[in-house]
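> 3D model of this:
(one chain, ligands or ions: 1)
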Amino acid sequence: MISGETKVYGIIGNPIAHTMSPPMHNAAFKELELNCIYVPFLVEEAGLVHAIEGMRAMDIKGLNVTMPHKLAIVPLLDHLDPLAEKIGAVNTVVNKSGILTGYNTDATGFIKALLDNCIYTQGQRVVVLGAGGVSRAICFALAEKKYEICIVNRTYTKALKLANEVSNMFNKDIEAYEMNEKNLQSILSEANILVNATSVGMDSTIEKTPVAAALLSSELVVFDTIYCPIETKLLKSAKNNGAKVIGGLDMLLWQGAIAFKLWTGLEAPFDTMKKEVSSILGLHED
Ligand code: ATR
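Below you'll find the predicted structure:
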């Protein structure tokens with residue numbers, strides 16, 4: 001029941017219609033019987049400043065932030081968590097007595113999903129495909145955990161720029177390559193983990209894979225950040241070749257679960273959140 005004491009949370013972005021976050025968080029609030037509600041807010045670029053003023057004025061307790069606001073929101077906040085500050089991007093805001101603090105749970109959610117599925121060894125070599133926003137959070141998170149990173153992107157200059165930024169921030173060498181079959185073949189022969197942070201495998205490229213099946217050895221851990229479809233062509237090929245695979249749904253759920261804990265101080269009911277999102281995506285639990 002919504003009452004005068006209901007605490008309001010939400011997500012701001014544009015577009016926002018297909019976000020999984022409202023059902024995920026509302027299912028969690030219901031499970032823990034919290035008097036809280038989570039709603040989507042369509043906020044255009046020009047409206048971001050007003051939206052954050054509104055968050056303060058209306059005492060909205062927490063927000064998730066998605067495209068196109070993850071970078072632009074940074075100067076509007078009072079404090080930043082150190083990792084969010086390094087990345088320069090925020091996807092979660094906590095409002096504590098009017099003080100707004102920004103976090104990046106995309107980064108911490110990625111690491112949680114990875115470590116939930118494979119054993120951590122410092123210095124493991126990770127190949128990250130893509131150099132956009134998702135890749136950026138992942139590369140900073142990996143560098144903080146002292147993985148060795150190689151960024152591979154269709155547009156080489158973007159890979160190089162991101163590699164330089166991460167390299168300067170963490171004072172470590174990060175390799176950058178253009179994405180082509182020859183480069184992938186030699187890079188993947190020495191890699192432990194492959195992460196797809198491109199959009200290849202979803203929407204209009206659902207039938208495509210960023211890496212040919214022949215290059216996916218059984219020794220690799222293959223992580224696809226795409227969650228719709230749940231099993232991309234890349235993951236199917238990797239699984240067929242005997243590799244360990246991790247899907248994007250785990251990352252989506254963990255970024256949400258970590259945000260939930262930041263807002264409420266409580267452990268998120270992960271299984272409830274997973275069940276809710278899975279049923280919307282039309283999946284069957286394994
Ligand atoms: P996001 O915030 O989801 O990371 P983005 O910033 O638009 O989105 O980045 C998308 C990534 O997917 C980029 O690395 C992009 O490569 P370019 O930098 O060359 O544009 C990559 N990408 C998109 N479509 C691709 C395709 N057909 N083949 C290879 N890479 C592709």
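
> other SSEs contacting the helix or strand containing N164?
According to DSSP states H and E, N164 maps onto helix 156-170. In terms of contacts (3 or more CB pairs under 8 Å, 6 or more residues apart in numbering; DSSP states H and E), helix 156-170 is packed against helix 133-144, strand 148-153, strand 175-178. Any C-beta I mention is one placed from the backbone N, CA and C, and that applies to glycine too.

> G4 in helix, strand or coil?
Classification of G4 using DSSP: H, G, I helix; E, B strand; the rest coil returns coil.

> now do V195
Look at V195: counting by three-state DSSP, its state is strand.

> touching, it and V221? I think so.
No. The pair V195 and V221 does not pass the contact test of CB atoms under 8 Å, sitting 9.0 Å apart.

> I'd like the next helix or strand past the longest helix out of those in the chain.
The longest helix of the chain (DSSP state H) is helix 248-264. As assigned by DSSP H and E, the chain's next helix or strand after helix 248-264 is helix 270-280.

> which bits of the stretch 51-200 of the chain sit near the ligand?
Contacts of the stretch 51-200 of the chain with the ligand, taken as CB under 6 Å from any ligand atom, map to 130-135, 153-155, 158, 179, 197-200.

> helices or strands next to the longest helix of the chain in the packing?
By 3+ CB pairs under 8 Å, 6+ apart, helix 248-264 packs against helix 21-31, strand 62-65, strand 92-96, strand 99-103, helix 105-117, helix 270-280.

> winner for burial among the ones you listed?
Most buried of those, by mean neighbour count (mean count of other CB atoms under 10 Å): strand 62-65, with a mean of 27.

> sheet partners, orientation included, of that strand?
In the sheet, strand 62-65 lines up against strand 7-13 (parallel), strand 92-96 (antiparallel) (DSSP bridges).

> got the CA positions of the last one in PDB?
As requested, the backbone C-alpha atoms of strand 92-96 are provided in PDB (Å, rounded to 0.1, in the frame of the first residue of the first chain):
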ATOM      1  CA  THR A  92      23.300   4.900  -8.700                       C
ATOM      2  CA  VAL A  93      22.600   7.900  -6.500                       C
ATOM      3  CA  VAL A  94      21.900   7.700  -2.800                       C
ATOM      4  CA  ASN A  95      20.100  10.600  -1.100                       C
ATOM      5  CA  LYS A  96      21.000  10.700   2.600                       C
END
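
> secondary structure class for V126?
V126 ends up strand, using three-state DSSP.
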